[in-house]
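Enquirer: sequence and predicted model, in that order:
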Amino acid sequence: MKQVPALLGLMLVAFFAAFPLVYTGANYDYVMHVLITGFFYAILASSWSMLAGYAGQFSFGHMAFMGIGAYGTALFCHYFVIATEPTGICTEFPFFDNWLVIKNAIGVTSSTLEQDCLQQAMDAWEGSVRVTPMPVWLGIVLGTIAGGVAGLLVGLLVLRLRAAYLALFTLGFSEIVKAVISAEIDITRGQAGLELPALFDSGVTILGTDFSRTDKIPPYYVMFGLLLLCLGILTWLARSRFGLFVRALREDQEAAAALGVNTTRYKVFVFTITTAMAAAAGAVQAHYVQIVTPNLLFLLQMSLVVAMAVIGGVENFVAAAIGAIFLQVLLETLRTSFTIGGIEVDMTVWRLVFFGVLLMVTLRFFRNGLIAPVIVWFGRIGVAEETVAKRKAGGTA
Amino acid sequence: METPIYFWGVILWMIAWGVLGSVALNRRYMARDLDTSNVSFAGAMSGAALGPVGVGYLWLRTPALTPRLTTVLGILAVVLIAAAFAFADPQNNCVANGRFVASQISNGLIIGIIYGFMALGLTLIFSILGVVSFAHGEFYMIGGMLVYYITVIWVPGLNPMLGVLGACAIAFVVGAVFERLMLTPMYRGKVDRPVEYGILATFGLAFTLQYFVQAMHGASPVKVQRYVDFPRIRWPENADPHWISASRGNLTLFDTISISNPRFTAAITCIVVLLALLYLLHRTWTGKALRAVSQDRDAAAIAGIDPNRMNMLAFALGGMIAALAGALLVQAFSWLPQVGAIPAMRSFVIVVLGGLGSLPGAFVGGILVGLVEAAGTGCLPDAQKAASYIPAYGMIVLTLTLLLRPSGLCGRRFASGAHGQGG
């Protein structure tokens, strides 16, 4: 019986792995989209629960790092291209046999007005020169690194802060990131958003099947793979000495320090890893939806992640991930508005109210979340009998 | 406009010496076994203001860092930055135009009083419950919304002051009920980590309130007529310029400083309520009980005060203060369900700047933040960017405070009501 959680977990993984291949119901693309977004939130919720639940660092800036990842790759893919000839008007560097061209920032302009320098050059070349955009995976890696570095810097700054100060500072940090992105219209195009190439811009062939750039199956597996990777890393971390130290830090920082745990180093380490995960999720999601706007950083998004993690179980990142997928699906199914007694209930907003109430009820009455206790229950089945049997057998423990 | 290179040179010089002063002097004072509680701030300010001279003096003499010395150094540093800015950009509105500066300062003061008042509620909650209420902005939002609903929808034509009172009463009840339902487990030892629990619980309340209002009301902005009209005054009658002249919606001092009616009434009401609150806290039994609980829960309980009731009262009062600020400002700004986010951020900055749990600190911090924001929005050359960066000015203050003086301006040494968790 003790293997039940592991077995269930494997079954769940197998289910999600097979789902896009066997699902033939209605709205195929929509269902896939909901699940991809669910995986995206699952990465955020599980990494946040590592940070908040395991390490006890309640950061409300998780979405800011996600945004840094998304904007990192967006800016990289938007401003850097490789051309076979120099343009003569852009900033450019020789790059092996080609030229690395950096576009100039022109902000939001109508396409009939001003053109960026690359566009002008391409008009002059009339298609004689090959212009290659940067590889998407490089953008994602760079976005992840940018998020991790930002996490490292913020982590170094906030590591001395206590719970309340930390929460305030990270919330403010997220507001700053949003303000900068909204204000620097020249570079980030502000509310107009930056467009990105799709995850597989020219289509992809897997096992002999061709997928076009709008097909949902490749991004589904990319996001799912990223989720499994993140969960794998988190599990590995939680089971190593690192996890032990981090939990000690959560329970009693002074005692942990007295026992020789380098509290500062582990705090910064856990902050960096989880923020890098958030940034990776943000970068992949940005390429999947193909546009990034400052609205990514609305407090609603952070509230959703926090609520998903808490409802799933904030001290168990697998539960948080499952909770996130489950709640994302639930939120989508609740979208349908209905009419009671002549009053139309607009469920697109009421579902969020329901969500907030669920969050508070969970917090008040189910302190470990709704999903984590189930996992623990399965894990503990038979433990009592075993212990009793051992005692009867004459063990002195 | 082109910012000359030497402006950035001066700023870099100040930052470099500030960092050096703060780090080096910290070590020096530590090595000499002196009081280091104030040294990061004083060191940074002396480095920024006087460069190597200031750092060298403090390094050699290591004088006791009295508040007076620290304040003088801090003001010197601020003056220096202002001077560098004035030299760099002499045409700028807030260097060349004295009227503009005067009106910016008075605007900053007035809005700062309102900010400080709102932050007061947050700090009251923190000093007694040990919880930072993340729902503070939402109380502010429902305050404004309730005034609109009471005076425009439910009882059209009602006196707006009654509407404000009604909004405060409802916010008080919401705060009290929430505290009873959600926060009681914190004090009963049922929660492993009460501080985090409190943060999450108030966060949940904020989420629910915001979307509840959005679901009930929709996303359209509302605005309320101004509550009172100024009488028409010209005083003294035959002076030029008039010292005070007022029309219905505006008050003008010396023909230069113009104060809009809603902000003026809001600031005056805030000051009156603040005085009432100080009276409550210092002269009545309930207020003394509140302060006693914030100093030491257990001792207060032994003296016959029920700390749980004080918790409820403090949370409800704090929420009511935020709602009052919202109810007063709904006549000045248009109101949306999302309107609470920025004032909430600002209150957080203010309470950290003033020192979490310190009432006078919150008020002083509010005025400071008001002035900083006025300077930021008025002086940056690009007006559109300046407006977009409003949340960032407060954050700069917050970051500096956390780095240099984490206990805030008037931070208290002893543990506040954090239930044995320390301050």
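Expert: Good, I have the coordinates.

Enquirer: okay, CA-based contacts and neighbour counts for the rest of this
Expert: Will do.

Enquirer: check which helix or strand covers the closest residue to chain A within the stretch 151-300 of chain B.
Expert: The minimum distance from the stretch 151-300 of chain B to chain A, using CA to the nearest CA, falls at B:Thr208 (4.6 Å). Assigned by DSSP states H and E, B:Thr208 falls within helix B:194-217.

Enquirer: and that helix, what does it pack against?
Expert: The contact analysis (3 or more CA pairs under 8 Å, 6 or more residues apart in numbering or on different chains; DSSP states H and E) places helix B:194-217 against helix A:163-183, helix A:299-312, helix A:347-365, helix B:136-148, helix B:184-187.

Enquirer: of those, which is nearest A:Ala17?
Expert: A:Ala17 sits nearest to helix A:299-312 of all the helices and strands packed on helix B:194-217, at 21.3 Å, using CA to CA.

Enquirer: put the alpha carbons of the closest one into PDB.
Expert: Taking C-alpha atoms only, helix A:299-312 is exported to PDB below (Å, rounded to 0.1, in the frame of the first residue of the first chain):
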ATOM      1  CA  LEU A 299      -1.200  40.900  -9.000                       C
ATOM      2  CA  LEU A 300      -4.000  38.600 -10.100                       C
ATOM      3  CA  GLN A 301      -1.500  36.200 -11.700                       C
ATOM      4  CA  MET A 302       0.500  36.100  -8.400                       C
ATOM      5  CA  SER A 303      -2.700  35.600  -6.400                       C
ATOM      6  CA  LEU A 304      -3.600  32.700  -8.700                       C
ATOM      7  CA  VAL A 305      -0.200  31.000  -8.100                       C
ATOM      8  CA  VAL A 306      -0.400  31.600  -4.400                       C
ATOM      9  CA  ALA A 307      -3.900  30.300  -4.200                       C
ATOM     10  CA  MET A 308      -3.100  27.200  -6.300                       C
ATOM     11  CA  ALA A 309      -0.100  26.400  -4.100                       C
ATOM     12  CA  VAL A 310      -2.100  26.900  -0.900                       C
ATOM     13  CA  ILE A 311      -5.100  24.900  -2.100                       C
ATOM     14  CA  GLY A 312      -2.900  22.100  -3.300                       C
END
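
Enquirer: all strands for the stretch 101-250 of chain A, in order.
Expert: A:131-133, A:194-195, A:204-206, A:209-211 (DSSP state E, counting those that start in this stretch).

Enquirer: now the stretch 251-397 of chain A
Expert: A:291-292, A:338-340, A:343-345.

Enquirer: show me what the first one is packed against.
Expert: When contacts are defined as 3+ CA pairs under 8 Å, 6+ apart, strand A:291-292 sits against helix A:62-79, strand A:194-195.

Enquirer: weakest of these in terms of mean pLDDT?
Expert: Within these, the stretch with the lowest mean pLDDT is strand A:194-195, showing a mean of 80.

Enquirer: and stretch B:327-334, how far apart are its ends?
Expert: The first residue of stretch B:327-334 is 12 Å away from its last residue (CA to CA, to the nearest Å).

Enquirer: list the buried residues for that stretch?
Expert: B:Ala327, B:Leu328, B:Leu329, B:Val330, B:Gln331, B:Ala332, B:Phe333 (16 or more other CA atoms under 10 Å in any protein chain shown).

Enquirer: among the helices and strands packed on strand A:291-292, show me which one is buried the most.
Expert: helix A:62-79 (a mean of 27; mean count of other CA atoms under 10 Å in any protein chain shown).

Enquirer: run the chain-centre distance for it.
Expert: 12 Å (CA atoms, centre = their mean, to the nearest Å).

Enquirer: let me know whether that helix sits next to chain B.
Expert: No. Counting by CA under 8 Å from any CA of the partner chain, chain B is not contacted by helix A:62-79; separation bottoms out at 14.1 Å.

Enquirer: show me what the very next helix or strand once past that helix is packed against.
Expert: On the C-terminal side of helix A:62-79, the closest following helix or strand by DSSP H and E is strand A:80-83. Strand A:80-83 makes packing contacts with strand A:98-102, strand A:131-133 when contacts are defined by 3+ CA pairs under 8 Å, 6+ apart.

Enquirer: residue contacts, the residue nearest to B:Arg226 when sequence neighbours are not counted?
Expert: Nearest residue to B:Arg226 in three dimensions, chain neighbours excluded: B:Gln331, at 5.2 Å (CA to CA, 6 or more residues apart in numbering or on different chains). B:Gln331 makes contact with B:Lys223, B:Val224, B:Gln225, B:Arg226, B:Tyr227, B:Pro262, according to CA atoms under 8 Å, 6 or more residues apart in numbering or on different chains.

Enquirer: appreciated, that's everything.
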